[in-house]
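**Q** Sequence and predicted structure below; questions after.
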Amino acid sequence: MSSIKDVANLAGVAVGTVSRVINNSGSVKPATRKKVEKAIQELNYIPNEVARNFKMRKSKMVALLLPSIWHPFFSELAYYIEDELDREGFKLMLCNSGGKPEKELYYLDMLQQNKVAGIVGITYNDIENDVSNDIPIVSIDRHFNKKITCVTSDNYEGGRLALRELVKAGAKKMAFLGSVTSVFSETMNRREGFIHEAKTMGVDYVVYEKPDPVLDDDAYFDEFLDKYHDVDGIFAITDMFAAKYIDKAGKQGIRVPEDVKVIGYDGIQDHSYFHPILSTIRQPVEEMARMTIRLLYKKIEGETLDREVYRLPVIFRRGETT
């Protein structure tokens, strides 16, 4: 870890000058301040006072970095993460990035500078170089080149299962509806499992994807519906995609499940108040959340985990759309 002397040497100034810049006290020329700030950034320097807090005091705060608290899957996940933390007297710091890489980087920098025990990260952006092992971290659905533990559901098997259930429901021409993230995510295995099973069973299929995030839902679904009139089985990458398709298709007179069978992924809709109740591949959200925190505790205590990826099984939950 770099010291204040390293910063001073790189910037070509005295240690006292670096201290004044860090504490924003005393008079420092703008040009000198810029040199010091540049040196701090290059060395990834954390002020000693913060570093001492990391070493001398055990934090009871865990940060959850997620794309959107509005999304039902992430909301459910956050609920169980907070509940598991509370059982051991830990508190949750929620970092809602809106899926924006610049906001994720801001949060990661903030968490690096402040005293948190660990981080649970859900990100689909290219921030590989900014993720550090200095703080214990567990990722959900995302692999990093660094040795960072990942907890996920069996997305590949989920894709295979969805294809088989569509065939069982009588569908002949299948389509996968999804979006492509800028970096590889476990969620992409839903498509791969779907394709593998379609080829194995000799089933006709198409894959329809756009870059993630999809900013114009109307354009996305209008193009799909205009292009693929003969599709009678849909596997959507998430329940939200499936629900949006059902809404758009209904406005064009396409009936679900009479004309098209639809299966989603996540299992966020489990109450009879919702209609139609979506057939879906259900992720074990509670188990994923609790396992993530239990693994994070082990990393906080300095334990070595037996593997980097923990995959949990999924199930098919039949609803009214197949």
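**A** Sure thing, it's come through.
**Q** Show me the helices in the stretch 101-250 of the chain, by range?
**A** Along the stretch 101-250 of the chain, counting by DSSP state H, counting those that start in this stretch, helices occupy 101-113, 155-168, 188-201, 217-227, 239-251.
**Q** which other residues reach the last one?
**A** Right, the one you point to is helix 239-251. Under the criterion CB atoms under 8 Å, 6 or more residues apart in numbering, residues 71-73, 177-179, 217-218, 221-222, 224-225, 234, 236, 256, 259-260, 262-269, 276, 278, 280, 321 lie in contact with helix 239-251. In short, each C-beta sits where N, CA and C put it, glycine included.
**Q** Next, check those residues against the strands and list the overlap.
**A** 177-179, 234, 236, 262-266, 280 (DSSP state E).
**Q** Listing request: residues of this structure with sub-threshold pLDDT.
**A** 1, 25-26, 47-58, 124-133, 145-146, 270-274 (pLDDT under 70).
**Q** What residue in it is the furthest from its centre?
**A** residue 27 (43.7 Å; CA atoms, centre = their mean).
**Q** Nearest residue to that one in space, please, no chain neighbours.
**A** residue 20 (7.8 Å; CB to CB, 6 or more residues apart in numbering).
**Q** Let me know the helix or strand that that neighbour is in.
**A** For residue 20, the element it lies in under DSSP states H and E is helix 15-23.
**Q** Just the buried positions in that helix, please.
**A** 17-22 (16 or more other CB atoms under 10 Å).
**Q** what are the C-alpha coordinates of that helix, in CSV please?
**A** The C-alpha coordinates for helix 15-23 follow below in CSV (Å, rounded to 0.1, in the frame of the first residue of the first chain):
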residue,chain,number,x,y,z
VAL,A,15,4.8,15.6,2.9
GLY,A,16,3.2,18.6,4.6
THR,A,17,1.9,19.8,1.3
VAL,A,18,0.2,16.5,0.6
SER,A,19,-1.3,16.5,4.0
ARG,A,20,-2.8,20.0,3.4
VAL,A,21,-4.3,18.8,0.1
ILE,A,22,-5.8,15.7,1.7
ASN,A,23,-7.3,17.7,4.6
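**Q** Packing partners of it?
**A** Contacts defined by 3 or more CB pairs under 8 Å, 6 or more residues apart in numbering; DSSP states H and E place helix 15-23 against helix 4-11, helix 30-43.
**Q** What lies in contact with stretch 311-320?
**A** 151-155, 157-158, 161-162, 165, 257, 263, 267, 269-270, 275-284, 287-288, 291.
**Q** Distance of residue 238 relative to residue 37?
**A** 41 Å (CB to CB, to the nearest Å).
**Q** From the neighbour counts alone, determine which of these two ranks first.
**A** residue 238 (22 against 15; other CB atoms under 10 Å).
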